[in-house]
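>>> predicted structure and sequence below. I'll ask about it afterward.
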Amino acid sequence: MKPNRLIPLLVLLSGLGLAQNAAPATLSLGQFSAVYNAFSLAIAAMGASAVFFFVSRSSVAPKYRIALVVSGLVVTIAGYHYLRIFNSWDAAYVLKDGVYASSGQPFNDAYRYVDWFLTVPLLLLETVAVLGLPAVQSRSLIWRLVIASALMIVLGYPGEVGTLTARFWWGLASTVPFVYILWLLWGELGQAASRQKPEVQLYSRNMKLLLLFSWGVYPIAYALPLLGITGASSVIGVQVGYTIADILAKPVFGILAYAIAITKTRQDLGLGEDDEVVLTPRGGLTPGATD
């Protein structure tokens with residue numbers, strides 16, 4: 001691997017020992033529980049959706065199965081990191097006199113950025129793979145999306161653990177690849193999706209809108225300290241906001257990818273809405289009997 005390809009990874013790894021610097025000394029019962037329960041919900045959502053995506057792989061045509069495998073990998077990776085985040089949050093506070101006080105162990109939110117560094121490129125790979133585009137077109141799109149998404153995450157992390165000034169400038173830098181990703185999704189990928197059948201076009205449009213909506217939560221949560229929302233309110237808003245966005249961007253997004261894969265499988269086989277799909281002994285699919 002060329003040295004210049006290692007630079008983004010080294011920048012990210014250099015800060016992994018840093019804990020989120022905005023963690024407050026005390027939290028009310030409601031504040032602590034809001035984050036605790038949000039993390040718990042995320043773990044359950046990621047775990048359940050991982051089972052669904054891996055089990056459902058055999059129900060779509062072979063060329064779309066990679067999208068479901070990627071969906072399963074995304075939520076599996078995210079579930080593992082949410083378990084680590086959950087444990088770190090639980091260890092960072094102890095209940096004293098009706099409030100949660102710092103235990104002396106820092107809350108390490110770097111797990112979240114490691115998760116994004118792995119899963120965001122996979123999400124974009126999933127978006128391209130499920131459409132079954134020609135190999136040359138899909139490879140070009142995937143490489144550009146993956147590189148831009150890695151830059152977006154790497155550039156955002158120094159601002160997360162730095163001062164407010166650093167947060168502003170690194171957040172601004174991270175916005176550049178974010179805008180480029182949106183340009184690719186609504187430009188080249190949008191043109192490719194426009195050549196699909198109407199039902200697939202609808203699902204594809206909904207995937208892009210969900211991606212825009214869920215990803216839009218991240219910069220809002222990221223900007224809370226810049227808007228003067230600090231202390232406990234800032235931390236709760238950031239953690240709950242990021243968690244809701246992750247649930248939308250991973251399990252829910254994967255379900256839309258599954259819907260596209262199922263729809264395109266039925267279209268490829270020339271099936272109607274009431275026709276069954278039968279799995280052959282060799283792992284292929286064939287039309288079944290109609291009720």
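Cool, got the structure.
>>> what ranges does the stretch 101-250 of the chain have for its helices?
With helices called from DSSP state H, counting those that start in this stretch, the stretch 101-250 of the chain shows them at 110-129, 135-161, 164-186, 188-194, 198-223, 231-247.
>>> the shortest one - what's its average pLDDT?
The average of the pLDDT scores along helix 188-194 is 73.
>>> what's that helix in contact with?
127-128, 131, 133, 137, 141, 200-201, 204-205, 208 (CB atoms under 8 Å, 6 or more residues apart in numbering). For the C-beta atoms, the positions are set from N, CA and C on the backbone; glycine is no exception.
>>> at 7 Å instead, please
127-128, 131, 133, 137, 141, 201, 204 (CB atoms under 7 Å, 6 or more residues apart in numbering).
>>> with the third one instead?
For helix 164-186, the external contacting residues (CB under 7 Å, 6+ apart) are 141, 144-145, 148-149, 151-152, 155-156, 158-159, 162, 208, 211-212, 222-223, 225-226.
>>> can you turn the buried subset of those into a selection I can paste into PyMOL?
A single PyMOL command selects the buried members of the contacts of helix 164-186 (16 or more other CB atoms under 10 Å):
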select buried, resi 141+145+148+149+151+152+155+156+158+159+162+208+211+222+225
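>>> hmm, back to that, just put the contacts of helix 188-194 in a markdown table and tack on pLDDT and distance to P251.
Listed next are the contacts of helix 188-194 as a markdown table, based on pLDDT from 0 to 100; distance: CB to CB, whole Å:
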| residue | pLDDT | distance to P251 |
| --- | --- | --- |
| T127 | 81 | 15 |
| V128 | 81 | 19 |
| L131 | 74 | 20 |
| L133 | 69 | 24 |
| Q137 | 75 | 28 |
| L141 | 84 | 24 |
| Q201 | 77 | 23 |
| S204 | 78 | 18 |
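>>> please pick the buried ones from these.
127-128, 131, 133, 141, 204.
>>> kindly indicate which of these lies nearest D268.
Of all the buried ones among the contacts of helix 188-194, D268 sits closest to L131, with 12.6 Å by CB to CB.
>>> for that closest one, grab phi and psi.
Dihedral pair for L131: phi -80, psi -10, per degrees, to the nearest 10.
>>> how close does it get to A223?
33 Å (CB to CB, to the nearest Å).
>>> just for this structure, where's the confidence low?
Scanning the chain for pLDDT under 70 picks out the ranges 1-24, 133, 193, 271-291.
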